[in-house]
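[1] generate a structure from the sequence data that follows.
(chains A and B)
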2 protein chains.
Amino acid sequence: MTPGAKLTDAITVPAEDALLSALLAELGPRSVLSGDAIPVRNEKDWSTLAPVRPLAVVRPVTAEEVSATMRLCQRFGVPVVPQGGLTGLCGGALPVEGCVALSLERMTGIEEIDPAAATMTVRAGTPLEAVQKAADEAGFFMPLDLGARGSCAIGGNLSTNAGGNRVIRYGMARDMVLGLEVVLPDGTVIRGLNKMLKNNAGYDLKQLFLGSEGTLGIITRAVLRLFPKPGCTMAALCALPSYDSTVRFLGAARRGLGPLLSAFEVMWPDYWQVVTRQVPGVRNPIAGEHASYVLVEAQGMDEAIDAPRFQAWLEAQAEAGILTDAAVSQSLADVRAFWGVRDACAEFVQVLGPHESFDIGLPVARMDDYVQACKAALEERLPGVVALFYGHIGDGNMHIVSFLPGAATQPKRVIQEVVYDMVRRFGGTISAEHGIGLSKKPWLGYVRSDAELELMQRLKTALDPQRLLNPGKVL
Amino acid sequence: MTPGAKLTDAITVPAEDALLSALLAELGPRSVLSGDAIPVRNEKDWSTLAPVRPLAVVRPVTAEEVSATMRLCQRFGVPVVPQGGLTGLCGGALPVEGCVALSLERMTGIEEIDPAAATMTVRAGTPLEAVQKAADEAGFFMPLDLGARGSCAIGGNLSTNAGGNRVIRYGMARDMVLGLEVVLPDGTVIRGLNKMLKNNAGYDLKQLFLGSEGTLGIITRAVLRLFPKPGCTMAALCALPSYDSTVRFLGAARRGLGPLLSAFEVMWPDYWQVVTRQVPGVRNPIAGEHASYVLVEAQGMDEAIDAPRFQAWLEAQAEAGILTDAAVSQSLADVRAFWGVRDACAEFVQVLGPHESFDIGLPVARMDDYVQACKAALEERLPGVVALFYGHIGDGNMHIVSFLPGAATQPKRVIQEVVYDMVRRFGGTISAEHGIGLSKKPWLGYVRSDAELELMQRLKTALDPQRLLNPGKVL
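    Predicted coordinates:
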């Protein structure tokens, strides 16, 4: 019982019951679910961690109700775990024992689209796909995109600084935010709904909450920057003779396609073979075996101008000997088919069975050295292990899928140790886009120094001295 | 005397002398200037505030020496003011009484250019122009650009989150930074020299130091993102019949030029008339008088493709009735001449004499309403006042120059009150790109709430509990 709670509460009912009564009184029964009314979906996210049943699920509809929830939970010393679409892969939204799960699922809707400023003001619980659709209907483009688009909430995307396929052109979620409304652990509402590209009036407070996975504050509304709709999309699947030529090809894409370059995805041969041979429905337009495969994509304004430009640029690369082979899209259906090779990893659970998957980052020049060193180290520790490498290489972001065929239980920990130890040696990051949450916490010290971790703790203490907001996550 | 200082120091010499001796012992005489050796240039920046003589100027050459300086100054309770190129307009680098001015002028040089990652690692004292030149020589483009490029230091650009002419395409200085090395007020060195576009391993600490004007830490090195060199630049000076058509023109530029759009500068008629009639050497390619003037610029990859595209796009706007008249560049000399109209404001001190100048931000849709309301309010308070409006309207950033002709002393305070009060009413910002420093502090409460200011203070306390780093600036 914290000092803020009334003495009569302490005598008559436990703190949990007193908190529930107070929440019910303030927010009403539609917003406060406890006991059998707690939905199973709020017990876990898309990570592989075991579900945890919260004390209650609170579903506020305004920032004021979020604020009231925070104040009451602080008064009773009860932890709060914010929840969006629950699609996170690292357990960032997993309830902790005895917590209130604060779900933003009822704070949905687009409040405004300002065509002159090219901005959208949106509530945090709105699904990403609804945000994309509203932008499209208003004649704009919202470039943030990821597989979970139908389920994930924009607030969660921002809290985790989501990445996705087109970071090379549009940046991370952080780069698409102009303003935020945030509720602090003590209930203070920070209304920073800025709509201007430039605003240097004091510290840029929104940066604190973008990517800190709901540990410093709860994002309740956001002003997003909207972009012009691309007029056309061109893509090519390319085969290359080496990783060196892949890096040269990336440089040529940056120079030749300039800001039209919207994706540069690399697949190593092991990945390519599994995907083109084992995943049903994947079309392989490239004959033979090659050292490296690249999906390169550009978004232009005008197909009559930009499609021939893309084709001519690609032919020049082939003539320069950078490419061995290439298939160029002639239609949007081709573009989708090419992406089918890259996105086939979504079928890996069905096709490969249990496996470990990774979201790491590395300096571009060292990617292939990493792949070779990591494969060798995995093979040494786990003879017969399979490891597939692919990812958003133009962004320095690599995904890895690894498993030991025939193992009764996958050697999860050994695979993680090898992959992350090698990341540390190569100056990379253990999380490029998925965040840290709970599951990557043990490895954070591999890539952040003691001084950095201490500074993160200092920020946490400054904003959440009682450590009641999403406790145990990230730090 | 702080508890950390030795008792013998307290008996024999004042704290200042003891600090100077300790700094000299640790850093050597080339790095510690005091008494008559203090250069006049370190007493002020480009603001109009009165110079202040620091206790000493310390010029370290490594992060370790910056750290040692911070530790010693903390031990003796002496404030530290970081200084870069001293070109700031708001007094952010102005010494405070009894401070050590920590100048980064000797921490210069580019440490690495990584062509695969497209990054540059640079020391904080390096002049912006040297950064631009090194990028160019390596086949890349560093888009940050502003008038003070020859004198300003990259560390200062990052500390103030500098803007400039091409924010609409490349973003602010913040958006060009992938990693930072920073020394905290207690001397801790945070080495966050990340080179990856995507890195979600814990809080993004660099965001704290970008734009906080040296009040939370001292930036000593940075990893900058480099861009492909533009292959061609096209520009047009356009006359428009109304502000509404100007907003429509901006929308058309976003859609038609897509990510090639690199500048959208608007000039109101009063500005246009002063510049084309009174500033020597300015060429006026537009006949007659118009409601609005726009300089629109696009950077393409290939002149053969992108120059005709720009021309065709512009013709379509004229045919649609959005434009009244337009002059299109036929050469780089034309592009420069067009920018000459926009950059003529640099001559205003010579041409107009003493005046107040402003760097405000407003939602794009409300810009012209602001102009009319601000002009009327100024005229009411100061009959006969002149006010010229122009700026980076595509970014929501407006500059204002105002003065009362014939006044013996300019009514500085009244002009500021009117301009900033109107900014508050229109939901704008008192600083789009110049920062707050000392001179804008009195107005910060106009555009940031008490809750926001309190959170800024909380961050300051968490990082600099003794308030010795650039004290009194921003907050």
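
[2] for stretch A:347-365, what is the average pLDDT?
    Mean pLDDT, stretch A:347-365: 95.

[3] how long is that stretch end to end?
    End-to-end distance for stretch A:347-365, by CA to CA, to the nearest Å: 29 Å.

[4] near chain B, anything from that stretch?
    Yes. Contact of stretch A:347-365 with chain B (CB under 8 Å from any CB of the partner chain) involves A:Gly361, A:Leu362, A:Pro363, A:Val364, A:Ala365. Every C-beta, even on glycine, is put in place using the N, C-alpha and C of the backbone.

[5] you'd agree the fourth one is up against A:Phe249?
    In other words, A:Val364. No. Using CB atoms under 8 Å, A:Val364 is not in contact with A:Phe249, being 11.6 Å away.

[6] so those two - more neighbours on which side?
    Taking neighbours as other CB atoms under 10 Å in any protein chain shown, A:Val364 and A:Phe249 compare with A:Val364 leading, 28 against 22.

[7] which ones are touching the more buried one?
    A:Val364 makes contact with A:Val247, A:Leu250, A:Ile393, A:Gly394, A:Gly396, B:Asp114, B:Ala116, B:Ala117, according to CB atoms under 8 Å, 6 or more residues apart in numbering or on different chains.

[8] related to what we said a few turns ago, can you redo the residues of stretch A:347-365 next to chain B as JSON lines with distance to B:Gln273 and secondary structure?
    Putting the residues of stretch A:347-365 next to chain B into JSON lines (distance: CB to CB, whole Å; DSSP: H, G, I helix; E, B strand; the rest coil) gives the following:
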{"residue": "A:Gly361", "distance to B:Gln273": "53", "secondary structure": "strand"}
{"residue": "A:Leu362", "distance to B:Gln273": "56", "secondary structure": "coil"}
{"residue": "A:Pro363", "distance to B:Gln273": "53", "secondary structure": "coil"}
{"residue": "A:Val364", "distance to B:Gln273": "51", "secondary structure": "helix"}
{"residue": "A:Ala365", "distance to B:Gln273": "54", "secondary structure": "helix"}
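
[9] C-terminal to the helix or strand bottoming out on mean pLDDT in chain A, what's the next element?
    The weakest-scoring helix or strand in chain A, judged by mean pLDDT, DSSP states H and E, is helix A:7-12 (a mean of 48). Downstream of helix A:7-12, the first helix or strand assigned by DSSP states H and E is helix A:15-27.

[10] who does that following helix touch, helix- and strand-wise?
    Packing partners of helix A:15-27 (3 or more CB pairs under 8 Å, 6 or more residues apart in numbering or on different chains; DSSP states H and E): strand A:32-34, strand A:56-58, helix A:63-75.

[11] highest average neighbour count across these?
    Of all these, strand A:56-58 carries the top mean neighbour count, a mean of 26, counting by mean count of other CB atoms under 10 Å in any protein chain shown.

[12] hmm, who's touching it?
    Contacts to strand A:56-58, defined as CB under 8 Å, 6+ apart, come from residues A:19-20, A:23, A:27, A:31-34, A:38-39, A:42, A:69, A:100-103.

[13] farthest pair in these?
    Greatest spacing in the contacts of strand A:56-58, by CB to CB: A:Leu19 and A:Pro39 (19.3 Å).

[14] the two: which has the busier surroundings?
    A:Leu19 (25 against 12).

[15] which one is the more buried one nearest to, not counting chain neighbours?
    Excluding its sequence neighbours, the residue lying closest to A:Leu19 (CB to CB, 6 or more residues apart in numbering or on different chains) is A:Phe76, at 4.2 Å.

[16] just checking, that neighbour touches A:Ala15?
    Yes. Counting by CB under 8 Å, A:Ala15 is a contact partner of A:Phe76 at 5.0 Å.

[17] so how far is B:Met142 from the nearest residue to A:Ala22 once chain neighbours are set aside?
    Among residues not flanking A:Ala22 along the chain, A:Leu72 sits closest, at 5.0 Å (CB to CB, 6+ apart). Between A:Leu72 and B:Met142 the computed distance is 51 Å (CB to CB, to the nearest Å).

[18] repeat for A:Arg225
    22 Å.

[19] repeat for A:Gly394
    To B:Met142, A:Gly394 is 19 Å away according to CB to CB.
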